[in-house]
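Participant: show me the folded form of this:
(one chain, ligands or ions: 1)
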Amino acid sequence: MTTGPVPTKRIRKVLIANRGEIAVRVIRACRELGIRTVAIYSEPDRLGLPVLLADEAYPIGPAPSRESYLRAEAIVELAVKVGADAIHPGYGFLSERAGFARLCRDAGVTFIGPSPESIDAMGSKVESRRLMIKAGVPVVPGGQDPLPDLESAAAFAEQIGYPVMIKASAGGGGKGMRHVERAADLASAYRAARSEAGASFGDDSVYIEKYIVDPRHVEIQVMGDLHGRVVSLGERECSLQRRHQKVVEEAPSPAVTPELRRRMGAAAVMAASAVGYSNAGTCEFLLAKDGNFYFLEMNTRLQVEHPVTELVTGIDLVHTQIRVAEGEPLGAEFDDIQPHGHAIEVRLYAEDPYNRFTPSPGRIVRLRLPEGPGIRNDCGVYEGSEVSIHYDPMLAKLIVWAADREHALRRLERALGELRVEGIRTNVPLFRALLADADFRSGNMDIGMLDRKMAAGELKPAEDTDSLADLPIIAAALAHHEQANRTIGGPAASAGRRSVWAAAARREALRGGSWS
Ligand code: MV4
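Facilitator: I've put the predicted structure just below:
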């Protein structure tokens, strides 16, 4: 690709147009680079961690996102007023709005992300599919033209063969999507998909693809500079998700060989290059059981799960985002990146996995994060924080790294043993159950696995085993217990003594506490 001279503009002050853990993540990166930081916050977030950590913080509006974090014009105006050279959008909110990137450009503020043109090109499902076919990137077999009536849909489905997937042309996130196993079910699925697409996107056109049975969701992290170079930073395995919400991510994928990594990486680089991509982006693929992979869509932002890539590549993605946004070319450290060791991330949500994933807002009355070798906490809250119902219930991410997958799993187990969150319910018990699951442990997963196992009751909360963190309390409880009742034998008298201690400790010290 030929590019003209790239104007370089040093970034000295960044406004972070986001909240929670990702705002904290970006503030930390800026501090490491000697860049001043500006937080914005909605009313309920006025005591949030980003406000406490940033150099400056400004209120942006009341709780509802459209009156605060989505106020594109007001945020760009604020950036100009406070002298911020750049805006980092994080993920969600304004991060994939081409219009926001344009507002930044027009105001002379660097948008730390791709160009509005790239965001637009990848924003339309049908359009990006067409572009990818042209660029030679494998997409799921199927059409890209809207099927205007049932007859054309039926004819097309017959032609590619059942099972098929009906998708909304304007779609994304699974809305207006219907899986059809046989011709007899096409009519009702076609009507349902069209009406859902119309209601969701104001555009009821749909097209048909071959249905890929029980694939994995594997995505490739890419990074592009402003000089036309795009590189792959390898894959993340993201199959463990519930209703398009990821729960566990890891790098590398247990299903990806070095040879597949090379081919998927090359496809992702072609995809990004086809739209002149710069900055951080992610190409999502379905990886079929037969080893074929298909481009689904590109996320034109930094993703929640970026830390697992950072841990296995040693590259700080936020530093890199800032440097390439300044016009710096990607250096030699981006030549032929290979994963080193294994990283696993779990997303901590304030929700009850055993009660239909009901959100659990409230005050975090106790928070103890795991520490020690190979542990990273990307946390947006602190002990005493109030978890609001207004935003995504993700509180924090716990990420572990170890030399290989087996050791990373053990480390995750150990870390979860140290973790304490009190005052709200969390999905931590689900992680413990997953760690006890033979399929997860062996890396055998697909996009439907979590839902299937939950529905089958195969991921029941594991018994809360005693952990290192509780030992002082257990010891105190034991001393008390022995004084109170000398007829009960000491530790040597009982084979299952840890559970006896724990039971005593709970009775004595933790009455009514909800430990997760
Ligand atoms: C598919 C598919 C199977 N076959 N397309 C879901 C959201 C949208 N971005 C694409 N999605 C899918 N498209 C064909 N032809 C299965 C899914 C899918 C999925 C994909 C990635 C991650 C999680 C998923 C969960 C359910 C379905």
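Participant: which residues of the stretch 401-516 of the chain lie near the ligand?
Facilitator: Neighbours of the ligand within the stretch 401-516 of the chain, by C-beta under 6 Å from any ligand atom: Ile447. Using the backbone N, CA and C atoms, a C-beta is placed for each residue, glycine as well.
Participant: assign whatever residue of the stretch 401-516 of the chain ends up closest to the ligand to helix, strand or coil.
Facilitator: At 4.1 Å from the ligand, Ile447 is the closest residue in the stretch 401-516 of the chain, using C-beta to the nearest ligand atom. Here Ile447 is recorded as coil under DSSP: H, G, I helix; E, B strand; the rest coil.
Participant: now do the contacts for it.
Facilitator: 214-217, 239, 241, 286 (C-beta atoms under 8 Å, 6 or more residues apart in numbering).
Participant: which non-adjacent residue is nearest the residue most central in space within the chain?
Facilitator: For the chain, the residue nearest the mean C-alpha position is Val304 (3.3 Å; C-alpha atoms, centre = their mean). Residue nearest to Val304 in three dimensions, not counting chain neighbours: Tyr91, with 5.9 Å by C-beta to C-beta, 6 or more residues apart in numbering.
Participant: now do the phi/psi pair for the residue nearest to Ile315 when sequence neighbours are not counted.
Facilitator: Spatial nearest neighbour of Ile315, excluding adjacent residues (C-beta to C-beta, 6+ apart): Leu233 at 6.4 Å. For Leu233, the backbone dihedrals (degrees, to the nearest 10) come out as phi -110, psi 20.
Participant: pretty sure Leu233 sits against Asp336.
Facilitator: No: counting by C-beta atoms under 8 Å, Leu233 does not reach Asp336; the two are 11.0 Å apart.
Participant: CA atoms of stretch 441-457 as CSV?
Facilitator: The C-alpha trace of stretch 441-457 is given here as CSV (Å, rounded to 0.1, in the frame of the first residue of the first chain):
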residue,chain,number,x,y,z
ARG,A,441,-9.6,-28.9,31.2
SER,A,442,-8.7,-30.7,28.1
GLY,A,443,-9.4,-27.7,25.9
ASN,A,444,-12.3,-29.4,24.1
MET,A,445,-14.8,-26.6,23.6
ASP,A,446,-17.1,-25.0,21.1
ILE,A,447,-19.4,-21.9,21.0
GLY,A,448,-22.4,-23.9,22.3
MET,A,449,-20.6,-25.7,25.2
LEU,A,450,-21.3,-23.3,28.1
ASP,A,451,-25.0,-23.1,27.3
ARG,A,452,-25.3,-26.8,26.8
LYS,A,453,-23.5,-27.6,30.1
MET,A,454,-25.5,-25.0,32.0
ALA,A,455,-28.8,-26.4,30.7
ALA,A,456,-27.8,-29.9,31.5
GLY,A,457,-26.8,-28.9,35.1
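Participant: name the residues of it that are buried.
Facilitator: 445-447, 449-450, 453-454 (16 or more other C-beta atoms under 10 Å).
Participant: with stretch 261-270 instead?
Facilitator: 261, 264-265, 267-270.
Participant: repeat for stretch 473-486
Facilitator: Buried positions in stretch 473-486, judged by neighbour count with 16+ other C-beta under 10 Å: 473-474, 477-478, 481.
Participant: what of stretch 345-355?
Facilitator: 345-353.
Participant: end-to-end on that stretch?
Facilitator: 23 Å (C-alpha to C-alpha, to the nearest Å).
Participant: starting at the chain centroid, how far to it?
Facilitator: 13 Å (C-alpha atoms, centre = their mean, to the nearest Å).
Participant: who touches that stretch?
Facilitator: 246-250, 304-305, 307-308, 357-362, 387, 393-399, 412, 416, 421, 424-431, 454, 461.
Participant: then stretch 247-254?
Facilitator: 216, 218, 234-238, 240-241, 261, 287, 305, 308-309, 311-312, 339, 342-347, 405, 408, 427, 430-431, 434, 440, 442-444, 450.
Participant: pull out the buried members of these.
Facilitator: 216, 218, 234-238, 240-241, 261, 287, 305, 308-309, 311-312, 339, 342-347, 405, 408, 427, 430-431, 434, 440, 450.
Participant: hmm, back to that, can you tell me which of the buried residues of stretch 261-270 are in helices?
Facilitator: Per DSSP state H, helices hold the following members of the buried residues of stretch 261-270: 261, 264-265, 267-270.
Participant: can you tell me which of these is nearest Val6?
Facilitator: Val269 (19.5 Å; C-beta to C-beta).
Participant: residue numbers of the protein in contact with the ligand?
Facilitator: Contacts of the chain with the ligand, taken as C-beta under 6 Å from any ligand atom, map to 140, 165, 172, 174, 209-212, 217, 241, 244, 286, 296-297, 447.
Participant: grab the two from these that are most spread out in space.
Facilitator: Every pair of the residues of the chain next to the ligand checked by C-beta to C-beta; the farthest is Lys210 and Gln241, at 21.4 Å.
Participant: returning to what we had before: out of the buried residues of stretch 345-355, which is nearest to Glu43?
Facilitator: When the buried residues of stretch 345-355 are compared against Glu43 (criterion: C-beta to C-beta), the nearest one is Ala350, at 19.0 Å.
Participant: any idea of the pLDDT on that closest one?
Facilitator: Model confidence at Ala350, given as pLDDT, is 96.
Participant: burial of the nearest residue to it once chain neighbours are set aside, as a residue count?
Facilitator: Excluding its sequence neighbours, the residue lying closest to Ala350 (C-beta to C-beta, 6+ apart) is Pro393, at 4.3 Å. Pro393 has 21 neighbours, counted by other C-beta atoms under 10 Å.
Participant: who's in contact with Pro393?
Facilitator: Contacts of Pro393 (C-beta under 8 Å, 6+ apart): 349-351, 359-361, 387.
Participant: as CSV, the residues you listed with secondary structure would be great.
Facilitator: Below are these laid out as CSV (three-state DSSP):
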residue, secondary structure
Tyr349, strand
Ala350, coil
Glu351, strand
Pro359, strand
Ser360, coil
Pro361, coil
Val387, strand
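Participant: ok, so of those residues, who is nearest the ligand?
Facilitator: Distances from the ligand to the contacts of Pro393, taken by C-beta to the nearest ligand atom, are shortest for Tyr349, at 17.1 Å.
Participant: all helices for the stretch 301-450 of the chain, in order.
Facilitator: All helices of the stretch 301-450 of the chain, identified by DSSP state H, counting those that start in this stretch, fall at 306-313, 317-325, 405-418, 428-435, 438-442, 449-455.
Participant: isn't Met165 right up against Val213?
Facilitator: No: contact criterion C-beta under 8 Å: Met165 and Val213 do not qualify, at 10.5 Å.
Participant: about what we covered before: which one of Leu233 and Asp336 is surrounded by more residues?
Facilitator: Shown here are Leu233 and Asp336; by other C-beta under 10 Å, Leu233 has more neighbours (25 against 9).
Participant: check the gap between that one and Pro148 for me.
Facilitator: 41 Å (C-beta to C-beta, to the nearest Å).
Participant: which one's more surrounded, Met165 and Val213?
Facilitator: Met165 (19 against 12).
Participant: tell me what that one is bridged to.
Facilitator: In this entry, Met165 is beta-bridged to His179, Glu209, by DSSP bridges.
Participant: hmm, Tyr277 is touching Val231, no?
Facilitator: No: at 10.9 Å, Tyr277 and Val231 do not qualify as touching, with contact defined as C-beta under 8 Å.
Participant: so what sits against both of these two?
Facilitator: The contact sets of Tyr277 and Val231 overlap at 222, 224 (C-beta under 8 Å, 6+ apart).
Participant: which one's more surrounded, these two?
Facilitator: Taking other C-beta under 10 Å, Tyr277 and Val231 do not tie; Tyr277 has more neighbours (28 against 20).
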